[in-house]
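Novice: task: produce atomic coordinates for the following.
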Amino acid sequence: MKINPKQPWIRNRLAPLVAVMVLSVGAGLAWAASGGEAAHGGFTSTDGFRVMNFVVLAAVLFFLLRKPIPRALNNRIRGIEDQLKDLEARRSEAETRLAECTQKLSALEKEAERIVADYVRQGQEARARILKEAESAAEKIRLQARRNIEHEFEQTKAQLQREIFEKALAKAEELLKQNITAQDQNQLIGEYLQKVVAS
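Specialist: Residues are numbered from 1 along each chain as shown. From the prediction side, this is the model:
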């Protein structure tokens, strides 16, 4: 039975009821303690003294304990109520913290998803930039290689032309040396002098 300390009429009626129950149990014990005498001769004077001793003891205990026991019970009830209030406050605080933690966890999950998406986007952008830079570098290398090839071709072409010209000149000189006569030399010198004088 739960006792509510806010209802004093229950406490006031409970104390005498407890006392009557204790007296009844005590009287029954005293009667049983008399043994077989009561069965043979009825209620004796010794039994009367025993009952009186018990009643006096019960009355003294009742008067001595009537205030401390309810006070102790009330203190215990107050302590239990305080514990219940404290536990309720803790439970409420724990629920609040759990809700906060759940909210933070949800926010962290969203933040993690955002960070992962951001990293994926950055990775894709970096990949596209690297591919573009690689294509640009490859195009530059191709252009440079083409220029180098053209330059080498021009140099080789010029060198071949020089070699051909030198060989042709040497061949022409050799042919001239073989075919030119003294009269041809004099004629060439005369034509040359006329050009110099005319200019």
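Novice: can you show me the helices along this protein?
Specialist: Applying DSSP state H to the chain gives helices spanning 8-33, 37-41, 45-65, 68-179, 182-198.
Novice: mean pLDDT lowest for which of those helices?
Specialist: Mean pLDDT is lowest for helix 37-41 out of these, coming in at a mean of 51.
Novice: residue 81: how many residues sit nearby?
Specialist: By the criterion of other CB atoms under 10 Å, residue 81 has 13 neighbours. Backbone N, C-alpha and C define where each C-beta goes, glycine included.
Novice: and if you look at residue 73?
Specialist: 15.
Novice: quick check: it vs residue 148, distance?
Specialist: 107 Å (CB to CB, to the nearest Å).
Novice: again with residue 86
Specialist: 88 Å.
Novice: cool, and residue 72?
Specialist: Applying CB to CB, the value for residue 72 to residue 148 is 108 Å.
Novice: again, but for residue 48
Specialist: From residue 48 to residue 148 the distance is 139 Å (CB to CB).
Novice: what do you get for residue 83?
Specialist: 92 Å.
Novice: for residue 160, same thing?
Specialist: Counting by CB to CB - residue 160 and residue 148 are separated by 18 Å.
Novice: for residue 80, same thing?
Specialist: 97 Å.
Novice: for this structure, which residue is closest to the average position?
Specialist: The centroid of the chain falls nearest to residue 108 when counting by CA atoms, centre = their mean (6.2 Å).
Novice: so what's it up against?
Specialist: Residue 108 is in contact with no residue at all, counting by CB atoms under 8 Å, 6 or more residues apart in numbering.
Novice: just residue 193 next, same as before
Specialist: Residues near residue 193 by CB under 8 Å, 6+ apart: none.
Novice: check the gap between it and residue 187 for me.
Specialist: 11 Å.
Novice: same check on residue 45?
Specialist: With CB to CB as the criterion, residue 45 and residue 187 are 194 Å apart.
Novice: same question, residue 101
Specialist: Taking CB to CB, one finds residue 101 at 118 Å from residue 187.
Novice: and for residue 58?
Specialist: Distance from residue 58 to residue 187, by CB to CB: 176 Å.
Novice: what is the burial count for residue 66?
Specialist: 14.
Novice: got phi/psi on it?
Specialist: phi -70, psi -30 (degrees, to the nearest 10).
Novice: check it and give its pLDDT.
Specialist: 76.
Novice: tell me how far it lies from residue 52.
Specialist: The value you get for residue 66 to residue 52, if CB to CB is used, is 21 Å.
Novice: same thing with residue 153?
Specialist: Going from residue 153 to residue 52 by CB to CB gives 144 Å.
Novice: so what's the residue lying farthest from the centre of the chain up against?
Specialist: Distance from the C-alpha centroid of the chain, by CA atoms, centre = their mean, peaks at residue 183 (109.5 Å). Residues counted as contacts of residue 183 (CB under 8 Å, 6+ apart): none.
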